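>>> quick check, what structure comes out for this input:
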Amino acid sequence: MLYQRLFLVALLVVYAVLAVATMGYEAAFSYEPVGPRAFPLLLLALLAAGTVYLLFRPGHLAEENAETPLTPQVLGKLVLCVLALSLFAFFFERLGFIVSSFLFAIAMCRLYNGGWITSVITGLVMSLAFYVLFDRVLDVPLPLGVLSGLGS
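Purely as a prediction, here's the structure:
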């Protein structure tokens with residue numbers, strides 16, 4: 001339990017360093033009313049709030065994780081998760097947000113024992129819903145990649 005709490009404190013320090021680094025960011029041109037630093041600061045604040053909650057929550061931190069040993073199967077899933085996330089980042093610009101997030105969602109669903117039909121439906125709904133949310137509602141431009149020819 002002590003190691004978990006030390007890790008949480010280290011995360012808070014990382015969040016603080018990232019927040020300081022974000023404060024100095026200036027865009028060459030203004031493309032949003034609130035500026036380029038609002039989204040990272042909001043995300044860091046939410047992460048810090050969750051970390052503080054875990055840090056000061058009474059006594060439940062060690063008991064919840066005590067039942068999950070770090071077996072080779074768990075490590076394998078962690079490695080595959082990091083690989084899937086890395087491939088998502090690599091193909092984000094090339095394939096576009098919708099296709100890369102669709103493939104990433106399928107990979108994550110399958111990694112955690114989702115059926116093929118459920119994984120494909122979940123990936124399709126999530127990729128389209130997040131595209132509409134970010135590109136249309138929040139006005140954050142996302143790359144279309146291979147689908148850019150279809151929108152013309």
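
>>> for the protein, just list every one of the helices.
If DSSP state H is used as the criterion, the helices of the chain fall at 2-23, 38-56, 61-65, 72-95, 97-111, 116-131.

>>> residues of the fourth one that come out buried?
Read that as helix 72-95. 84, 88, 91-92, 95 (16 or more other Cβ atoms under 10 Å). Placement of C-beta: from N, CA and C, glycine included.

>>> from the chain's centre, how far out does that helix sit?
12 Å (Cα atoms, centre = their mean, to the nearest Å).

>>> and the angle for it with helix 97-111?
Helix 72-95 runs at 170 degrees relative to helix 97-111, counting by axes from the mean of the first three to the mean of the last three Cα atoms, to 10 degrees.

>>> re earlier: rank the helices of the chain by pLDDT, which is bottom?
Of all the helices of the chain, the minimum mean pLDDT falls on helix 61-65 (a mean of 54).

>>> just to revisit the earlier point, between the buried residues of helix 72-95, which is nearest Leu138?
Nearest to Leu138 out of those is Phe92 (Cβ to Cβ; 17.2 Å).

>>> got the contact list for the closest one?
The contact partners of Phe92, by Cβ atoms under 8 Å, 6 or more residues apart in numbering, come to 100, 143.

>>> so for the chain, the centremost residue is which one?
Ranked by distance to the mean C-alpha position of the chain (Cα atoms, centre = their mean), the top residue is Leu85 at 8.8 Å.

>>> how many neighbours does the closest residue to that residue other than its chain neighbours have?
By the measure of Cβ to Cβ, 6 or more residues apart in numbering, the closest residue to Leu85 outside its immediate chain neighbours is Phe104, 7.3 Å from it. Counted with other Cβ atoms under 10 Å, the neighbours of Phe104 add up to 20.

>>> contact partners for Phe104?
Going by Cβ under 8 Å, 6+ apart, Phe104 touches 84-85, 87-88, 123.

>>> quick check: it vs Arg94, distance?
In this view, Phe104 and Arg94 are 13 Å apart by Cβ to Cβ, to the nearest Å.

>>> what does Gly149 give?
Counting by Cβ to Cβ, the gap from Gly149 to Arg94 is 14 Å.

>>> try Val14
Computed as Cβ to Cβ, the Val14 to Arg94 distance reads 30 Å.
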